[in-house]
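*Asks:* predicted model and sequence below, questions to follow.
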Amino acid sequence: MDAPRWTALLSGWQSGTGPLYTRLSGHLRGAVALGQLAPGEALPAERALGTLLGVSRSTVVAAYDELVAGGWIIRRRGSGTRVAAGVPRQARALELRSPVRVGAAGGDLDLTVAVPLLSDAQRAELSGAVAGAFAESLYHPLGLPELRAELAALYTREGLPTTPEQIVVTSGAQQAISLIAGALLRPGDAALLETPTYFGAIDVFRAAGATLRGVPVTAQGVLPDDFAAGARAHSPRLAFLTPTFQNPTGAVLPARARQRLAGTVAEVGLPTIEDDTLIDLGFGEDAPPPRLACFAPDAPIFNVGSLSKLYWAGLRVGWLRLPGGEGARGLGRVVMQAKTLADFGGGLPTQHLALHLLRHLPRLRAERRAAVTPARDLLAGLLRAELPDWQFTLPQGGQFLWVELPTRSASSFIHGAARRGVRLFPGASMAVGDLPDAYLRLPFTLDPAQLPEAVGRLRAAWHEHQQRGERLA
């Protein structure tokens, strides 16, 4: 059984009222109706699913019985339990790796998504920063000209000469990644990604029909030799890398390794997305090494950025920097056309807000560092005190702890934590290929006042998980 996949598919199944078996059958019925489970697709064995969800086998049997009675699934000796062939056929839907709020109880503590918390002072600043947003009613498909110029100047100051014509403003970094993947990938193409990596990129590349190939992330990030070997072996059409404060591990690729990676990208002409969304979230005073693209300015490297992690996710303003080399300009034109077709351009008020914020970028970075560093240290200290057998390395930037648990059933633990009111994300869902089901990505962006309660609930859930494992053994 693919435990991370079924954990994602059954997220929130316990919400609602009634016996557990009716909640489970209802959730599975909904997955079939939405096209997430296709006709003829196999369901897990009762005992395996019960173990994953932390319920008795009889609960799963009762849920399956209800689905059989309704004609949703069939049981056959020797072939197990499968979705019935005659269920209403829907367009096939992905089981998204990206966590969403589905059926979360009001008292739940959410550790699946990392977003900054706005202060009252920040709300006041945003309210007063849109004075020029209503002066015109034009479409700007590639972004507000002043914002494109500001972003180009930012890249240039940071060692990557850029013109405003190379900037495309998007609805968050996620749209930027989606535009590039949609423009460059076709079904069956290979895509080369770090593993583990950002779940949103995994979803986008899977939706494009790509075959995903992984390059392992070490404590020093992706090893250049591994990346070069993957590029030679799989002939990918697109690659995705996060050299700075990698999501989820927090690794920072050294300058020498960046130079070698950039050389490979340039040599093979491999279009590559360099995800810069966490680049402003360093905890020290020293700047990280230059961007990957700085080492090969003419290579087909697309830089993607956003204000969602630095300031406010609700702004939904991101951007991408198109490659500047002659050989890559054709790729840029395809992406610009895709952006125009998508929405004729983002909202002007939010772009004016982004322009205001970018003009105060050093202050924003300092404020974010001052807010997040104590939260990181608090969460790390609580985990070391309450759950000392959980292992992690304190990151020098980003917004996550990448935690290894002494178990090979972290997905099962996640369901136990949900019963305690803590929403978690299985680290194995961030893998491209095999990754032991032993990891959690824990953000330290939750309100610091809630972190002690969150860790207390995790400790109680972990104790239950260990006891249940001992009983099953």
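*Replies:* On my side now, so go ahead. Only a predicted model underlies this, so the values are computations on that prediction, with no experimental measurement involved. Numbers count the residues shown, from 1 in each chain.

*Asks:* please enumerate the strands of the stretch 51-200 of the chain.
*Replies:* Counting by DSSP state E, counting those that start in this stretch, the stretch 51-200 of the chain has strands at residues 73-76, 80-83, 109-110, 167-170, 190-195.

*Asks:* most packed of the ones you listed?
*Replies:* For those, the largest average neighbour count (mean count of other CB atoms under 10 Å) is found in strand 167-170, namely a mean of 27. (Each C-beta comes from the backbone N, C-alpha and C, glycine too.)

*Asks:* which residues does it contact?
*Replies:* Strand 167-170 is contacted from outside by 140, 142-144, 147-148, 151-152, 176, 179, 317-322, 335-336, 339, 345-346, 351, 354, using CB atoms under 8 Å, 6 or more residues apart in numbering.

*Asks:* on that earlier part again, closest one to residue 415 among the strands of the stretch 51-200 of the chain?
*Replies:* strand 109-110 (15.4 Å; CB to CB).

*Asks:* partner strands of the closest one, parallel or antiparallel?
*Replies:* strand 422-423 (parallel) (DSSP bridges).

*Asks:* rounded mean pLDDT for the next helix-or-strand element following the partner strand, please.
*Replies:* With elements assigned by DSSP states H and E, the helix or strand that comes after strand 422-423 is strand 439-443. Average pLDDT, strand 439-443: 95.

*Asks:* packing partners of strand 439-443?
*Replies:* With contacts taken as 3 or more CB pairs under 8 Å, 6 or more residues apart in numbering; DSSP states H and E, strand 439-443 sits against strand 400-404, helix 410-419.

*Asks:* so how far is the last one off the chain centroid?
*Replies:* Its chain's average C-alpha position is 19 Å from that of helix 410-419, according to CA atoms, centre = their mean, to the nearest Å.

*Asks:* show me what counts as buried in it.
*Replies:* 410, 411, 412, 413, 414, 415, 416, 417, 418 (16 or more other CB atoms under 10 Å).

*Asks:* what does that helix rub up against?
*Replies:* So helix 410-419 is contacted by 3-4, 6-7, 10, 12, 14, 51-54, 108, 405, 407, 423-428, 437-440, 457-458, 461-462, 464-465, 468 (CB under 8 Å, 6+ apart).

*Asks:* now do the residue sitting furthest away from the middle of the chain against residue 367, distance only.
*Replies:* Most distant residue from the mean C-alpha position of the chain: residue 77, 39.6 Å away (CA atoms, centre = their mean). Using CB to CB, to the nearest Å, residue 77 is found at 64 Å from residue 367.

*Asks:* what does residue 17 give?
*Replies:* With CB to CB as the criterion, residue 17 and residue 367 are 44 Å apart.

*Asks:* before we move on, what about residue 119?
*Replies:* For residue 119, the distance to residue 367 - CB to CB - is 9 Å.

*Asks:* of the two, which one has the most company?
*Replies:* residue 367 (17 against 11; other CB atoms under 10 Å).

*Asks:* what about that one, which SS state?
*Replies:* For residue 367, the assignment made with DSSP: H, G, I helix; E, B strand; the rest coil gives helix.

*Asks:* ok, it - contacts?
*Replies:* So residue 367 contacts nothing (CB under 8 Å, 6+ apart).

*Asks:* also residue 352?
*Replies:* Applying CB under 8 Å, 6+ apart, one finds that residue 352 lies in contact with 129, 130, 132, 133, 144, 147.

*Asks:* what about the second one, neighbour count?
*Replies:* As a burial measure, the neighbour count of residue 130 was computed by other CB under 10 Å and equals 15.

*Asks:* these two touch, right, it and residue 353?
*Replies:* Yes: using CB atoms under 8 Å, residue 130 is in contact with residue 353, at 6.0 Å.

*Asks:* would you map out the domains in the protein?
*Replies:* Domain assignment for the chain by automatic domain parsing gives 3-83, 109-119+363-472, 120-360.

*Asks:* want to throw these into TSV with distance to residue 94?
*Replies:* Formatted as TSV, these follow (distance: least, CB to CB, whole Å):
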stretch	distance to residue 94
domain 3-83	8
domain 109-119+363-472	12
domain 120-360	6
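
*Asks:* tell me which helix or strand residue 455 sits in.
*Replies:* Using DSSP H and E, residue 455 sits in helix 451-472.

*Asks:* distance of residue 281 from residue 167?
*Replies:* 21 Å.

*Asks:* run a quick neighbour tally on residue 68.
*Replies:* Residue 68 has 15 nearby residues by other CB under 10 Å.

*Asks:* list the contacts of the residue nearest to it when sequence neighbours are not counted.
*Replies:* Distances taken as CB to CB, 6 or more residues apart in numbering put residue 75 closest to residue 68, at 6.3 Å, once the chain neighbours are dropped. Contact analysis of residue 75 by CB under 8 Å, 6+ apart lists 64, 68, 81.

*Asks:* now the strand ranked longest in the chain and strand 400-404, what's the angle there?
*Replies:* Longest strand in the chain by number of residues (criterion: DSSP state E): strand 211-218. When axes from the mean of the first three to the mean of the last three CA atoms, to 10 degrees is applied, the directions of strand 211-218 and strand 400-404 differ by 90 degrees.

*Asks:* for PyMOL, write the selection for the buried entries among the contacts of residue 352.
*Replies:* One line in PyMOL is enough to select the buried members of the contacts of residue 352, burial here meaning 16+ other CB under 10 Å:
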select buried, resi 129+133+144+147
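
*Asks:* can I get the contacts of residue 352 in a markdown table with distance to residue 223 and pLDDT?
*Replies:* Output for these, formatted as a markdown table (distance: CB to CB, whole Å; pLDDT from 0 to 100):
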| residue | distance to residue 223 | pLDDT |
| --- | --- | --- |
| 129 | 43 | 78 |
| 130 | 46 | 75 |
| 132 | 47 | 69 |
| 133 | 46 | 71 |
| 144 | 40 | 94 |
| 147 | 37 | 96 |
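
*Asks:* make CSV from the contacts of residue 352 and add distance to residue 123 to it.
*Replies:* Output for those, formatted as CSV (distance: CB to CB, whole Å):
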residue, distance to residue 123
129, 11
130, 13
132, 19
133, 17
144, 22
147, 21
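
*Asks:* low-confidence ranges, this structure, go.
*Replies:* Scanning the chain for pLDDT under 70 picks out the ranges 88-93, 95, 100-106, 132, 327-328, 470-473.

*Asks:* tally up the residues packed near residue 96, please.
*Replies:* Other residues close to residue 96 by other CB under 10 Å number 18.

*Asks:* might one say that it is in contact with residue 8?
*Replies:* Yes: at 7.1 Å, residue 96 counts as touching residue 8 under the criterion of CB under 8 Å.

*Asks:* ok but residue 302 is inside a strand, no?
*Replies:* Yes: assessed with three-state DSSP, residue 302 lies in a strand.

*Asks:* how close does it get to residue 195?
*Replies:* Distance, residue 302 to residue 195, using CB to CB: 20 Å.

*Asks:* cool, and residue 202?
*Replies:* From residue 202 to residue 195 the distance is 9 Å (CB to CB).

*Asks:* what residues are shared contacts of these two?
*Replies:* The contact lists of residue 202 and residue 195 share 430, 432, where a contact means CB under 8 Å, 6+ apart.
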